[in-house]
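Q: Okay, here's the prediction I keep looking at, along with the sequence it came from:
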Amino acid sequence: MINLRFFNKKFDYLTIERIIEITGAKPHKECDLNSKIIDIKTLESATKNDISFLNSGQYVDKFSNSKAGFCFIDEKNIAKIPPTMIGLVSKNPYFSYAQIVSEFYQQKKPDFVSKTLIHASAKIGKNVEIAPNVFIGENVEIGDNSIIFPNSSILDGVVIGANCIINSNVVITCAIIGNNCQIFNGAKIGQDGFGFVHNSGKNYKIIQIGIVEIGNNVEIGANTCVDRGAIENTIIQDEVKIDNLCQIAHNVEIGYGTVIAGSTAIAGSCKIGKYVQIGGNCSVGGHIKIGDGVKIAGMSGVMRDIEPMAIMAGIPVLPIKKWHRINTLLNKMISDKK
């Protein structure tokens with residue numbers, strides 16, 4: 001469910017007739033054009049009054065089991081539509097989704113009218129220290145004993161738990177943060193994910209209507225960026241430690257106790273398990289699942305799912321013993337040619 005602390009829903013519902021008018025999509029069979037669509041959701045979370053979209057072959061199984069009443073699809077997937085669903089056939093289902101999500105939602109605009117740095121509606125706990133030149137927006141909540149260092153901005157609706165340290169030049173928006181967390185200098189939390197859809201020679205921005213959820217006892221390093229989710233949320237569970245200069249893209253989920261070293265980039269919708277260790281300067285491709293207890297050597301490139309407890313290295317990653325054997329053979333081949 002979209003968190004209305006951060007977003008305005010412009011309409012209670014849209015009719016199928018209106019959705020067809022906006023997108024040009026066509027129902028794959030007869031339906032009531034006055035049917036009311038309450039929301040746009042993922043295939044997994046949608047119900048009969050929601051609309052979703054199928055944009056990738058990776059999600060055909062989820063599509064087949066989806067409870068969505070309506071779904072944007074392309075022609076090649078018509079035969080796979082569940083009997084309880086109406087397919088809205090589109091040349092570009094992802095673009096149709098982008099059109100409808102922007103019709104339904106917009107991000108709330110910060111209230112700068114009062115010209116004060118701390119909004120009157122903010123709820124500030126006991127013994128909170130707020131340094132000079134900190135901006136705190138409307139309906140922000142900050143727990144007891146937290147510290148906000150100079151030049152940071154905590155935008156409307158953000159929730160920060162007790163005993164947190166928000167260092168200088170941090171910007172937090174569209175985020176709910178637990179207790180005992182530390183966000184280091186220059187980190188950016190909750191900004192737009194990198195969401196664009198290409199249609200007819202142009203790239204169109206997709207409004208990102210998820211948020212960032214950060215658990216307890218989490219550290220996020222200097223100049224690291226954590227993007228908010230596209231529809232559902234970016235989630236960082238308890239005890240996660242993220243080093244400096246990392247990129248955590250939209251809809252990433254990071255499990256309990258995972259540690260991520262500096263300059264690592266994790267692409268959208270990755271699911272990372274508990275107690276994972278990721279070395280510095282790694283790259284993880286989109287929609288990848290990394291199991292519990294995995295260890296990934298620094299400067300590795302992850303392009304496929306990794307089973308729990310594996311130890312991996314290389315580009316693309318391989319089991320580390322295999323990677324060492326390949327390197328030994330390569331070095332031998334080079335030496336033999338000299």
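A: It's in.
Q: Helices of the stretch 1-150 of the chain, start to end?
A: With DSSP state H, counting those that start in this stretch as the criterion, the stretch 1-150 of the chain has helices at 16-23, 60-64, 93-104.
Q: Can you say which of these is packed in most?
A: Neighbour counts (mean count of other C-beta atoms under 10 Å) averaged over each of the helices of the stretch 1-150 of the chain peak at helix 93-104, with a mean of 22. Using the backbone N, CA and C atoms, a C-beta is placed for each residue, glycine as well.
Q: For residue 319, give me its contacts.
A: By C-beta atoms under 8 Å, 6 or more residues apart in numbering, residue 319 lies in contact with 310, 311, 312.
Q: again with residue 305
A: The contact partners of residue 305, by C-beta under 8 Å, 6+ apart, come to 288, 289, 290, 291.
Q: do the same with residue 299
A: 279, 280, 281, 282, 315.
Q: And the pLDDT for the second one?
A: Which is residue 280. Per-residue pLDDT puts residue 280 at 98.
Q: For the nearest residue to residue 88 once chain neighbours are set aside, the count of nearby residues, please.
A: In this structure, residue 88 finds its nearest non-sequential neighbour in residue 25, 3.9 Å apart by C-beta to C-beta, 6 or more residues apart in numbering. For residue 25, the neighbour count with other C-beta atoms under 10 Å is 25.
Q: Go ahead and confirm residue 25 touches residue 90.
A: Yes. Between residue 25 and residue 90 there is a contact under C-beta atoms under 8 Å: 4.2 Å.
Q: hey, what's in contact with both of those two?
A: Listed contacts common to residue 25 and residue 90 are 72, 96; contacts here mean C-beta under 8 Å, 6+ apart.
Q: and residue 336, what does it touch?
A: Counting by C-beta under 8 Å, 6+ apart, residue 336 has no contacts.
Q: any idea which helix or strand carries the closest residue in space to residue 196 that isn't next to it in sequence?
A: Nearest in space to residue 196, with sequence neighbours left out and distances taken as C-beta to C-beta, 6+ apart, is residue 203 at 4.5 Å. Residue 203 belongs to strand 202-205 when assigned by DSSP states H and E.
Q: Show the secondary-structure elements that that strand is packed against.
A: Counting contacts by 3 or more C-beta pairs under 8 Å, 6 or more residues apart in numbering; DSSP states H and E, strand 202-205 packs against helix 93-104, strand 196-199.
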